[in-house]
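[1] I'll drop the sequence and a predicted model, then ask my questions.
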Amino acid sequence: MAAPGKSGNRPLLPLYRHLLQALGPQHWWPGDSAFEIALGALLTQNTAWRNVEQALRNLRNRGWLQPEAVATAPLEELEQLLRPSGYYRQKARRARDLARWWLAHGGEEGLRSLPTETLRRELLRLKGIGPETADSILLYAFHRPVFVVDAYTRRILSRHGFPLPPDYEGLRKFMEDQLPRSVPLYQEFHALLVAVGKHFCRRSPRCTGCPVADLWGPGQGV
DNA sequence: ACCCAGGGTCATA
DNA sequence: TATGACCATGGG
């Protein structure tokens, strides 16, 4: 159940409020349709969002931002459009697989009718969709209350003394147990943690100016 | 020139 | 189970 220890002294909700006030809303996830959001989640793997935007623009300009188009597109054309997002050969195949999967499951309507656990299992069966990508799709495309854990989440909390479960599922459960079950909160909190990681952890290893440090003091290593 | 981004898969030990 | 190689573009 609720884990004892340091996490009890540093509840996550105040951190969320503080980050939101310090950094403002992050406006995630840009995208006009659930499919576009899911596609973005796939394309942004280990890739700067800027590059993903260009790839999505290419698809939009070509009129291919729907699952029907991606599912039937010639692979080589798809590759060229996705080129700016990196790993473009893998990603073209995986995008096509995702689109076919999407249609095979009855499109957005069909997928929306599935329970979260079922939807998650089905997503994870696709090659190229691991836990973080699956959870991003669940949270941002289908508005399911699933906390998205990424390397920044682990690094930031670990740096500030949280004893964390070593595996993805464990940390996800930890986060969900510590927070109110709220989709908008999960969406915003994950985005804020990414913002902190990008702007402070790397730029300033000693946590100077970091809003997390305002609350919890400078962290240790990691 | 080097580092790494809103990860995941696969081969090897 | 646990590393390491690999995927590839673009900005700092």
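    Arrived safely. Numbering: from 1, shown residues only, chains lettered A, B, ... in the order given.
[2] Give the burial count for the residue lying closest to A:Asp150 once chain neighbours are set aside, as a bare number.
    Of all residues not flanking A:Asp150 in the chain, A:Glu132 sits nearest, at 5.7 Å (Cβ to Cβ, 6 or more residues apart in numbering). C-beta coordinates here come from the backbone N, C-alpha and C atoms, glycine included. Residues lying near A:Glu132 (other Cβ atoms under 10 Å) number 18.
[3] close to DNA strand B, is the helix or strand hosting A:Glu132?
    Assessed by DSSP states H and E, A:Glu132 sits inside helix A:131-136. Yes - contact of helix A:131-136 with DNA strand B (Cβ under 7 Å from any atom of the strand) involves A:131-134, A:136.
[4] need the contact list for the residue nearest to A:Asp150.
    Contacts for A:Glu132 (Cβ atoms under 8 Å, 6 or more residues apart in numbering) come out as A:148-150, A:168.
[5] got it, and A:Leu215?
    Here A:Leu215 is in contact with A:14-15, A:18 (Cβ under 8 Å, 6+ apart).
[6] Likewise for A:Val52?
    Going by Cβ under 8 Å, 6+ apart, A:Val52 touches A:40, A:43-44, A:85.
[7] 10 Å - rerun?
    A:30, A:39-45, A:82, A:84-86, A:91 (Cβ atoms under 10 Å, 6 or more residues apart in numbering).
[8] Checking it next. Helix, strand or coil?
    helix (DSSP: H, G, I helix; E, B strand; the rest coil).
[9] And it, how far from DNA strand C?
    A:Val52 sits 10 Å away from DNA strand C when distances are taken as Cβ to the nearest atom of the strand, to the nearest Å.
[10] which of the contacts of A:Leu215 has the most neighbours?
    Highest neighbour count within those: A:Leu15, with 23 neighbours (other Cβ under 10 Å).
[11] Not counting sequence-adjacent ones, nearest residue to it?
    A:Leu215 (6.0 Å).
[12] Work out for me the element that neighbour sits within.
    helix A:211-216.
[13] Now that helix: buried residues?
    For helix A:211-216, the neighbour count (16 or more other Cβ atoms under 10 Å) marks A:211-213, A:216 as buried.
[14] chain center to it, what's the gap?
    23 Å (Cα atoms, centre = their mean, to the nearest Å).
[15] I'd like the average pLDDT over it.
    The predicted model assigns helix A:211-216 a mean pLDDT of 93.
[16] then that helix to CSV, C-alphas only?
    Only the C-alpha atoms of helix A:211-216 are listed here, as CSV (Å, rounded to 0.1, in the frame of the first residue of the first chain):
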residue,chain,number,x,y,z
PRO,A,211,12.1,24.7,-9.1
VAL,A,212,12.5,21.2,-7.6
ALA,A,213,15.4,22.5,-5.6
ASP,A,214,13.3,25.4,-4.4
LEU,A,215,11.0,22.9,-2.7
TRP,A,216,13.4,20.1,-1.7
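[17] how far away is A:Val196 from A:Asp32?
    Remark: distance between A:Val196 and A:Asp32 (Cβ to Cβ, to the nearest Å) = 27 Å.
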